[in-house]
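Undergrad: using only what follows, build the 3D model:
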Amino acid sequence: MVLPVRIPDWLIEGDGWHVARGAVLQMWLTFSEESRYHLPPPGVVELRATATPLSPWPGAELGRHPTRLDADGACIYWDAPSPVAEVVSVRGGLEGHTMDAPEGFPMAAGVVRRVRDLWGGWSEGEVASAVVVGEDVDVSRPPPTHVVTPGVIPGRDDRGSWSGALVDLEVL
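TA: Take a look at the predicted model:
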């Protein structure tokens, strides 16, 4: 199964991830339903999965229900809007990260088959905007920083701020 997965900028920059075609990544996958956003997330996917309720844990979103989605070999975490324990069809976005998950929750491993940089969305000091998905690249990396002249605020790229990568991940 190949899934579109957003890899946030903080993971690439802060954790030094090498997000390139052919790379093998291991991470937790988190699902957010499309209806939660006023703008659709990049790489919207429709999943048919078996939903299994999980025990409450400190990282769960308040007022939502920790749920495990199993879809064609991919194990995905979801803070569902209501309790669910059956086969479901859901539509939304996937994010890969290494921050936290319920204890014992399995990470997904996969091979990156496609990489595109993401621009826009939300960055500190900006109004939320639609995410622009860039062209295919070999490796996702932060854009080079411009030399900053004291007292002059640097301009943004026309696409907005770089916000990470969208990868097509073939789940192993």
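Undergrad: contacts and neighbour counts: CA atoms only from here.
TA: Noted.
Undergrad: show me the beta-bridge partners of Ala80.
TA: His65 (DSSP bridges).
Undergrad: what does the pLDDT read for it?
TA: Ala80 is assigned a predicted lDDT (pLDDT) of 97.
Undergrad: go on, Val2?
TA: 95.
Undergrad: is it in contact with Leu172, as I believe?
TA: No: using CA atoms under 8 Å, Val2 is not in contact with Leu172, being 9.4 Å away.
Undergrad: look at the two and report which has more neighbours.
TA: Val2 (16 against 13; other CA atoms under 10 Å).
Undergrad: and the host helix or strand of Gly93, what does it pack onto?
TA: In this assignment (DSSP states H and E), Gly93 forms part of strand 87-97. Other helices and strands packing on strand 87-97, by 3 or more CA pairs under 8 Å, 6 or more residues apart in numbering; DSSP states H and E, are strand 2-8, strand 24-33, strand 45-53.
Undergrad: off-centre distance for it?
TA: Centroid separation between strand 87-97 and its chain, computed with CA atoms, centre = their mean, to the nearest Å, is 10 Å.
Undergrad: which other helices and strands contact the helix or strand that comes right after that strand?
TA: Using DSSP H and E, the helix or strand that follows strand 87-97 in sequence is strand 108-120. With contacts defined as 3+ CA pairs under 8 Å, 6+ apart, the packing partners of strand 108-120 are strand 19-20, strand 24-33, strand 74-80, strand 131-136, strand 139-140, strand 162-171.
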